[in-house]
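# need a structure here:
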Amino acid sequence: MTSEHLTRRPTAADIARSLGISRATVGFVLNNTPGQTISEPTRARVLAEAKRLGYQPHSAARALASGRSHIILMILPDWPLDFALRRNIEEASLTLDEAGYTLVTYTSHPTGLARPLWETLQPDVVMSMTPISAEDVASIRAAGIVNLIPDPERANGTVYVDEGPRLQVEHLHSLGHRRIAFAGSTDPRIAELVAERREHSFSAAQHLGMEIAAEVQVDLFDQQASADLVLQWHASGITAVAAYNDDVAASLVGAALRSGLDVPKDVSVIGHDDTPLAGFFHPQLTTIRTDTAGLGRYSAALAISAATGTTPPTVGPEFSSEVVVRASTGPAGLSD
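Below is the predicted model:
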């Protein structure tokens, strides 16, 4: 038998027939099964013939035999794939690869028409950045997958509390600002994230005796609306803005400058995420830095511990955030 005669994917049975040896012997060699007395010449013949025929092990069959696929399936929320999310995923993928695992991502869309990947991939672990719905949990269990992160039946996930909004408000308070605005985003995909950061901002402001006198959802593609907003805020005595992220912050700073306002003399703006834009922009954006790469490594370590049954990693400094002070914020009252 030659590789030209094969019109389908070569199998271990093809190798056995080509060499005139048993399928079991071929299987022992290809799977490197311990405890078998296969001579080195026979092993070499099997491996050479497998290479000649273009044999590739079937991942599903190998997973069935070993009980492990070395695949980690990460369910992504239907969020924009921004800088912070990309860094998180890239670092998680690299960490898992170094441990011999493959990270596969799957985005769950509101339509829900596509067949979920956990039904076909046989992943060792299914993990999600957000709580998994009861319906999806039932579907994952039905597919025979036992390792879920977070698992509603076990406390195996770590709740990440976003400190950024509190740090934004505290930074503005330290500069003397007492009447501020919160600026979210009109993107419906991140409405829950915006609402969560808004809640944290209002809570921090209330604790410090500050007033969030305005809250808006900013359309990044409507600069005239942003310009109108900052002019209204300035006229009403609002001196600073806590923005949902650096994109929103940059949009407002740009609108303020084009409207003749000085940043930070007339209005201070603080962003969130410390994306490259924050450093490239002029004036450079004060923002919140979170170790998104560290969070990705932590997620990977959590998945590996679930797959191997080992002790989960402990929470480290990757769960903390810090203010990166740049040029877009300054003391209140400079325009008086």
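# list the buried residues of stretch 86-96.
Going by neighbour count (16 or more other C-beta atoms under 10 Å), the buried part of stretch 86-96 is 87, 88, 89, 91, 92, 93, 95, 96. All C-beta spots, glycine's among them, are computed from the backbone N, C-alpha and C.
# check stretch 174-186 too.
Quick answer for stretch 174-186 (16+ other C-beta under 10 Å): 175, 177, 178, 179, 180, 181, 182, 183, 184, 185, 186.
# could you list the low-pLDDT ranges of the protein?
1-7, 33-35, 57-67, 155-161, 335-336 (pLDDT under 70).
# show me where it has its strands.
Under the criterion DSSP state E, strands of the chain are mapped to 71-76, 102-107, 125-128, 148-149, 179-185, 211-218, 240-243, 268-270, 287-290, 321-324.
# deepest-packed of the ones you listed, please.
strand 240-243 (a mean of 30; mean count of other C-beta atoms under 10 Å).
# what helices or strands is that strand leaning on?
helix 164-174, strand 179-185, helix 246-258, strand 268-270 (3 or more C-beta pairs under 8 Å, 6 or more residues apart in numbering; DSSP states H and E).
# can you check which of these gets nearest to residue 296?
Nearest to residue 296, of all those, is helix 164-174, at 17.3 Å by C-beta to C-beta.
# between strand 179-185 and the closest one, find me the angle.
In terms of direction (axes from the mean of the first three to the mean of the last three C-alpha atoms, to 10 degrees), helix 164-174 departs from strand 179-185 by 150 degrees.
# now residue 132. Nearest residue, chain neighbours left out?
Nearest non-adjacent residue to residue 132, counting by C-beta to C-beta, 6 or more residues apart in numbering: residue 148, 6.4 Å away.
# quick one on the thing from earlier: export the strands of the chain to CSV and tack on distance to residue 227?
Formatted as CSV, these follow (distance: least, C-beta to C-beta, whole Å):
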stretch, distance to residue 227
strand 71-76, 34
strand 102-107, 34
strand 125-128, 39
strand 148-149, 44
strand 179-185, 13
strand 211-218, 11
strand 240-243, 13
strand 268-270, 14
strand 287-290, 22
strand 321-324, 26
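# of all the ones you listed, which one is nearest residue 138?
That would be strand 148-149 among these, by C-beta to C-beta, at 11.2 Å.
# show me what that closest one pairs with in its sheet, parallel or antiparallel.
Paired with strand 148-149 in the same sheet, following DSSP bridges, are strand 125-128 (parallel).
# isn't residue 288 up against residue 326?
No: taking contacts as C-beta atoms under 8 Å, residue 288 lies outside contact range of residue 326: 11.6 Å.
# how many other residues sit next to the nearest residue to residue 56 once chain neighbours are set aside?
Nearest residue to residue 56, sequence neighbours excluded (C-beta to C-beta, 6+ apart): residue 9, at 7.2 Å. With neighbours defined by other C-beta atoms under 10 Å, the count for residue 9 comes to 11.
# got JSON lines for the buried residues of stretch 86-96, with distance to residue 333 too?
Listed next are those as JSON lines, based on distance: C-beta to C-beta, whole Å:
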{"residue": "87", "distance to residue 333": "37"}
{"residue": "88", "distance to residue 333": "39"}
{"residue": "89", "distance to residue 333": "43"}
{"residue": "91", "distance to residue 333": "42"}
{"residue": "92", "distance to residue 333": "45"}
{"residue": "93", "distance to residue 333": "48"}
{"residue": "95", "distance to residue 333": "47"}
{"residue": "96", "distance to residue 333": "51"}
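# between those, which sits nearest residue 17?
Nearest member of the buried residues of stretch 86-96 to residue 17, counting by C-beta to C-beta, is residue 96, at 37.5 Å.
# I figured the closest one was touching residue 74, is that so?
No: if you go by C-beta under 8 Å, residue 96 and residue 74 don't touch, sitting 9.5 Å apart.
# common neighbours of the two, please.
residue 103 (C-beta atoms under 8 Å, 6 or more residues apart in numbering).
# ok, now which ones touch residue 131?
Contacts here follow C-beta under 8 Å, 6+ apart; on that basis residue 131 touches 150, 152.
# roughly how far apart are it and residue 124?
21 Å (C-beta to C-beta, to the nearest Å).
# returning to that earlier point: what's the closest of the helices and strands packed on strand 240-243 to residue 217?
Nearest to residue 217, of all the helices and strands packed on strand 240-243, is strand 179-185, at 4.6 Å by C-beta to C-beta.
# return the list of helices and strands in contact with the closest one.
Other helices and strands packing on strand 179-185, by 3+ C-beta pairs under 8 Å, 6+ apart, are helix 191-208, strand 211-218, strand 240-243, helix 246-258.
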